[in-house]
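Visitor: structure, please.
(one chain, ligands or ions: 1)
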Amino acid sequence: MQVGSRRCILNPVSGTGDHAEYVTRLCRGRGFAVDHTEGEGDALALAREAGEAGVSELAVCGGDGTINEVLRGLDAADHLADVTLSVIPAGTANILARTVGVEGIEEAADIADTGEVATVDVGMAGDEPFLVSCIAGFPAEASVATSSELKERFGTLAFLLTGAQQARSFDGLDVRLDTETETWEGEALCLLVGNARRFVEEGGQADMADGLFDVAVVERMPAGDLVSEAVRHRVLGQDTEGVTHIQAGRVTVTGRDGPITFSRDGEVSTHETVTMAIRPRELSLRVGPAYEPSPE
Ligand SMILES: Nc1ncnc2c1ncn2[C@@H]1O[C@H](COP(=O)(O)OP(=O)(O)OP(=O)(O)O)[C@@H](O)[C@H]1O
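Guide: Presented below is the predicted three-dimensional model:
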């Protein structure tokens, strides 16, 4: 592949599955060669191949699962730091795209073409890359399930309330967390390690280039107490009882009574112990006009 080339990896069945023809046309019109995935693992293999061929611009069309496969493929080719990545949201939740201000397929195609490029941190959980978050405990599903309208009105609270409903049947995580400077041990309701998202204060997009994860541990306590605490503070504030907030570039999580299941940008993986580490400003990512490099 010639240097300077553009490629698009497109999942034709993600989301409502009616975008393939339209996006293929938009991308070809902007000089991207388009490859369609045919099943699980294809996006990873195509990204790896594109990385090994030295592609300089790669667009991903699909949902968060497709994007995560592409990240893994580029990392396997040792090409994450040498590509400009863009996302064309055609999944169900499109968390990464929304987080970086990319909404709507046509707008996304323009951003893939000429949008602003931000240099962002990549999170690693063991050997697996992620951009948004790596979370364990009750909200792993709730974060995806909570409607965006609800999230917009109530921020983290909506996310918490949805989770608290599910928490009644959730046993909690017996966990130990170690960073360079702090250790936390105990029964947690959930553990949230954000790169592109933060979970305390107003929540929302985090600074993706600060070299730090935003870690929040919510202690296990009765769902009623947790909800009333959250209501009192409206969101999970720094000083909310039962919530520990840590910023760190590296955190090791160990399950004290067995392995812990994480959702890494929506991909599920289970670990007895896992070290999450930031690779500072490793990836060039095209972002939408609403993206703020250093949100308040
Ligand atoms: N041609 C194909 N046919 C069937 N499945 C495919 C094909 N290409 C990819 N897949 C699978 O589609 C699945 C869904 O991808 P993805 O997570 O991107 O979309 P989504 O679940 O609709 O969106 P989101 O993750 O944003 O909620 C992946 O598990 C992938 O393995």
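Visitor: correct me if wrong: R279 contacts T119.
Guide: No - in this structure R279 lies outside contact range of T119 using C-beta atoms under 8 Å: 11.4 Å. C-beta coordinates here come from the backbone N, C-alpha and C atoms, glycine included.
Visitor: ok, now which ones touch the residue in the stretch 151-296 of the chain that the ligand sits nearest to?
Guide: Closest approach between the stretch 151-296 of the chain and the ligand, counting by C-beta to the nearest ligand atom: G266, at 5.0 Å. Counting by C-beta atoms under 8 Å, 6 or more residues apart in numbering, G266 touches G63, D64, G65, N68, A93, I95, V144.
Visitor: please apply the same query to L85.
Guide: Here L85 is in contact with L58, A59, V60, V70, L74, L283, S284, L285, R286 (C-beta under 8 Å, 6+ apart).
Visitor: what are the phi and psi values at it?
Guide: L85 adopts backbone torsions of phi -100, psi 140, taken as degrees, to the nearest 10.
Visitor: in the sheet, who's paired with it?
Guide: On the basis of DSSP bridges, L85 takes part in beta bridges with L58, L285.
Visitor: distance of it relative to T254?
Guide: According to C-beta to C-beta, to the nearest Å, L85 and T254 sit 32 Å apart.
Visitor: cool, R286 as well?
Guide: Taking C-beta to C-beta, one finds R286 at 37 Å from T254.
Visitor: so between the two, which is more surrounded?
Guide: When R286 and T254 are compared for neighbours, R286 comes out ahead with 23 against 17, by other C-beta atoms under 10 Å.
Visitor: for the more buried one, report the pLDDT, please.
Guide: As predicted, R286 sits at a pLDDT of 98.
Visitor: am I right that it is in contact with T84?
Guide: Yes - contact criterion C-beta under 8 Å: R286 and T84 qualify, at 6.5 Å.
Visitor: near the ligand at all, stretch 60-78?
Guide: Yes - using C-beta under 6 Å from any ligand atom, stretch 60-78 comes into contact with the ligand via G62, G63, D64, G65, T66.
Visitor: which SSE is the fourth one in?
Guide: Counting by DSSP states H and E, the secondary-structure element that holds G65 is helix 64-76.
Visitor: pull the residues that contact that helix.
Guide: 9, 11, 14, 37, 41-51, 58, 60, 80, 83, 85, 87, 91, 93-96, 122, 128-132, 264-267.
Visitor: quick one on the thing from earlier: would JSON lines of the contacts of L85 with distance to E180 be doable?
Guide: Output for those, formatted as JSON lines (distance: C-beta to C-beta, whole Å):
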{"residue": "L58", "distance to E180": "33"}
{"residue": "A59", "distance to E180": "37"}
{"residue": "V60", "distance to E180": "33"}
{"residue": "V70", "distance to E180": "31"}
{"residue": "L74", "distance to E180": "28"}
{"residue": "L283", "distance to E180": "23"}
{"residue": "S284", "distance to E180": "27"}
{"residue": "L285", "distance to E180": "27"}
{"residue": "R286", "distance to E180": "32"}
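Visitor: tell me how many other residues surround D18.
Guide: D18 has 10 nearby residues by other C-beta under 10 Å.
Visitor: distance-wise, check it relative to T261.
Guide: From D18 over to T261 the distance is 32 Å, taken as C-beta to C-beta.
Visitor: low-confidence ranges in the chain?
Guide: Applying pLDDT under 70 to the chain picks out residues 1-4, 138-171, 199-204, 221-241, 296.
Visitor: got the residues of it near the ligand?
Guide: For the chain, the residues in contact with the ligand (C-beta under 6 Å from any ligand atom) are 11-15, 37-40, 42, 62-66, 91-94, 266.
Visitor: now list the buried members of those.
Guide: Those of the residues of the chain next to the ligand that meet the buried threshold are 11-15, 37, 42, 62-66, 91, 93-94, 266, by 16 or more other C-beta atoms under 10 Å.
Visitor: thought Q247 was touching A216?
Guide: No - when contacts are counted by C-beta under 8 Å, Q247 is not listed as touching A216 (10.2 Å).
Visitor: compare the two (neighbour count), which wins?
Guide: Counted by other C-beta under 10 Å, Q247 and A216 do not tie: A216 has more neighbours, with 24 against 15.
Visitor: give the bridge partners for the more buried one, please.
Guide: In beta-bridge terms (that is, DSSP bridges), A216 pairs with L192, H245.
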